[in-house]
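> Dropping the sequence and predicted coords here.
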Amino acid sequence: MIDKRYDSAREALKDVFDGASIMISGFGDAGMPHELVDALVDQGATDLTVISNNAGGGEIGIAALMKANRVRKVVCSFPRMAQPHHFEARYRAGDVELELVPQGNLACRIQAAGAGLGAVYTPTGYGTLLAEGKETREIDGRMYVLEYPIKADFALIKALTADRWGNLLYRKAGRNFGPIMAMAATTTIAQVSHFAELGEIDPETVITPGIFVQRVVKLQPAVDAASAA
């Protein structure tokens, strides 16, 4: 019987290894699997490459990874979101490498990895520092930059509902990077708020099919737990 449900975040993350590349979904706080990332801090893996929309803010999630000095490199679009003090401190100290990727290119390169493409051409970045040293080509009178896919060992994503096969539904804007990251990682671990019985989810509404998800764990977000108390 296929059952991808895990009892705890600790169990779901137990094989994350030092030096792993990890995609983390989210646009700001929307769709950010804070509880999975906090569990990763406790798990202890270090020398990580984090691929995300941002480099963390405040004290939780990616920022907590930064504070614990577990991150070697960040690939992101917005390293300076609200309260990025832990990233800034590590970056200024030379402890963290930054690869800045325009958000459209970030999504496109992750999609390319999920689709099994060798590379993509994009006009974004042409004529800027981001294109230095990269192949360029003129196509239909417009200049493009060659960019390579971004893939990862693990993807940590947040969804609303999952069944035991790993089929996922998302909540509104929380959908953002989750679906494409799930396709671009060797192991996708999804944090959800609800488990559905097999067959309860209408197949026409599934956003991420279970074939792209290896593990799901039901976690109560800290903000929800506080409001329910």
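Yep, that arrived.
> tell me the centre residue of this structure?
The chain has residue 24 as the residue nearest its centroid, 2.1 Å off, counting by CA atoms, centre = their mean.
> and residue 145, what helix or strand is that in?
Assigned by DSSP states H and E, residue 145 belongs to strand 142-147.
> starting at the chain centroid, how far to that strand?
Relative to the centre of its chain, strand 142-147 is centred 25 Å away, using CA atoms, centre = their mean, to the nearest Å.
> name the helices or strands packed onto it?
Judged by 3 or more CB pairs under 8 Å, 6 or more residues apart in numbering; DSSP states H and E, strand 142-147 is in contact with helix 103-115, strand 120-122, strand 136-139. C-beta coordinates here come from the backbone N, C-alpha and C atoms, glycine included.
> How about residues contacting it?
Outside strand 142-147, the residues that touch it by CB atoms under 8 Å, 6 or more residues apart in numbering are 105, 108-109, 112, 119-127, 130-131, 134-138.
> Please apply the same query to stretch 59-74.
Residues from elsewhere that reach stretch 59-74 (CB under 8 Å, 6+ apart): 19, 24, 26, 32-34, 37-38, 40-41, 45-52, 54-57, 83-84, 86-87, 89-90, 95-99, 222.
> Return the list of strands paired to the host helix or strand of residue 157, each annotated with direction.
Assigning secondary structure by DSSP H and E places residue 157 in strand 152-158. The strands beside strand 152-158 in its sheet (DSSP bridges) come out as strand 21-24 (parallel), strand 185-192 (parallel).
> Make TSV from those and add mean pLDDT and distance to residue 15 to it.
Compiled in TSV, those are given as follows (pLDDT from 0 to 100; distance: least, CB to CB, whole Å):
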stretch	mean pLDDT	distance to residue 15
strand 21-24	98	12
strand 185-192	98	8
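> tell me the most buried of the ones you listed?
Among these, strand 21-24 has the highest mean neighbour count (mean count of other CB atoms under 10 Å), at a mean of 26.
> Return the distance of that strand from the chain's centre.
5 Å.
> hey, C-alpha coordinates of it in PDB?
The C-alpha trace of strand 21-24 is given here as PDB (Å, rounded to 0.1, in the frame of the first residue of the first chain):
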ATOM      1  CA  SER A  21      20.700  21.600  -2.000                       C
ATOM      2  CA  ILE A  22      17.200  22.500  -0.700                       C
ATOM      3  CA  MET A  23      14.400  24.300  -2.400                       C
ATOM      4  CA  ILE A  24      12.000  26.100   0.000                       C
END
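> Centre of this structure to the edge, which residue is at the far end?
residue 141 (34.8 Å).
> Phi, psi for that residue please.
In terms of degrees, to the nearest 10, the main-chain angles of residue 141 are phi 80, psi 10.
> Look up how far residue 130 lies from it.
Per CB to CB, to the nearest Å, residue 141 is found 21 Å from residue 130.
> before we move on, back to that, nearest to residue 159, of the helices and strands packed on strand 142-147?
helix 103-115 (16.3 Å; CB to CB).
> now that closest one against strand 142-147, angle please.
Counting by axes from the mean of the first three to the mean of the last three CA atoms, to 10 degrees, helix 103-115 lies at 60 degrees to strand 142-147.
> Tell me where the chain has helices.
Secondary structure of the chain (DSSP state H): helices located at 9-12, 34-43, 62-67, 85-92, 103-115, 178-184, 222-228.
> for residue 107, what are its contacts?
Neighbour list for residue 107: 177, 180 [criterion: CB under 8 Å, 6+ apart].
> What is the least confident helix or strand in the chain?
Across the helices and strands of the chain, mean pLDDT, DSSP states H and E gives its lowest value to helix 222-228, namely a mean of 42.
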